[in-house]
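1. sequence below, structure please.
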Amino acid sequence: MLCYTSDMSFEYPLPTFVILLISAVLIPLQTVGSEELADDVRFFDSNEEYDSLDSELDTSQDTIIELYLDVASYFCDTGKFGDAIATYASAISRDEDCAPAWYGLARCYAQTSEFAKAIAALEKAIFLHPQYQTQAGSDTAFDELKTLPRFKAVVGRGE
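-> Numbers count the residues shown, from 1 in each chain. Next comes the predicted model:
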């Protein structure tokens, strides 16, 4: 299976969880006619079984953010930093206190040589989750920043 990227090309295989998401959510919505969908909605609105079905589905905010983080990590691992940045930003728009999204965003900005943005995102990640301070000091994604005084001040390795 091929992945549809932001530059309108097909390149990388999709991770399994994205395939499952598309299969479970998007494809059924495209194949159901609007009248049939309206009938289903009316059925669920008047059916007590809907409440039990809804409680079985894990569509919590945390689950959605985890999905964003997984997809962003995939993009980052495959060198699609622009897509990763956009996906991390989407996670942050849902939860501004999502430290892993801020840290991932910092890593992507560092790898695209956007050092000021990388350090700003890293500062936010460390503010939310202080353990990232130690992790950033040894993270190879930040190698090009490690000589900068501001980076040293953020990770506590500079005077």
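
2. grab the nearest non-local neighbour of Leu145.
-> Once flanking residues are discounted, Leu145 sits nearest to Phe151: 4.2 Å by CB to CB, 6 or more residues apart in numbering. Quick note: C-beta positions are derived from backbone N, CA and C, even for glycine.

3. so what does the helix or strand where that neighbour lies touch, helix or strand wise?
-> Using DSSP states H and E, Phe151 maps to helix 149-155. Applying 3 or more CB pairs under 8 Å, 6 or more residues apart in numbering; DSSP states H and E, one finds that helix 149-155 contacts helix 115-128, helix 131-138.

4. what lies in contact with the last one?
-> Same thing as helix 131-138. By CB atoms under 8 Å, 6 or more residues apart in numbering, the list of residues contacting helix 131-138 from outside reads 99, 103, 106, 122, 125-126, 142, 146, 154-157.

5. may I have it as CSV, with CA atoms only?
-> Extracted in CSV, the C-alpha atoms of helix 131-138 (Å, rounded to 0.1, in the frame of the first residue of the first chain):
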residue,chain,number,x,y,z
GLN,A,131,12.9,15.1,31.9
TYR,A,132,13.2,16.3,28.3
GLN,A,133,16.1,18.6,29.5
THR,A,134,18.3,15.6,30.0
GLN,A,135,17.1,13.7,26.9
ALA,A,136,17.7,16.7,24.7
GLY,A,137,21.3,16.9,25.8
SER,A,138,22.0,13.5,24.3
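
6. on that earlier part again, and the helices and strands packed on helix 149-155: which comes nearest Leu69?
-> Each of the helices and strands packed on helix 149-155 has some distance to Leu69 by CB to CB; the shortest is helix 115-128, at 12.7 Å.

7. buried residues in the closest one?
-> Using 16 or more other CB atoms under 10 Å as the test for burial, helix 115-128 gives 115, 117-126, 128.

8. out of those, which is nearest to Asp62?
-> Of all the buried residues of helix 115-128, Asp62 sits closest to Leu128, with 15.2 Å by CB to CB.

9. can you give me every residue that contacts that closest one?
-> Listed by CB under 8 Å, 6+ apart, the contact partners of Leu128 are 97-99, 102.

10. mind doing that once more with 7 Å?
-> 97, 99, 102 (CB atoms under 7 Å, 6 or more residues apart in numbering).

11. between the residues you listed, which sits nearest Ala89?
-> Taking CB to CB as the measure, Trp102 is the one of those closest to Ala89, at 10.2 Å.
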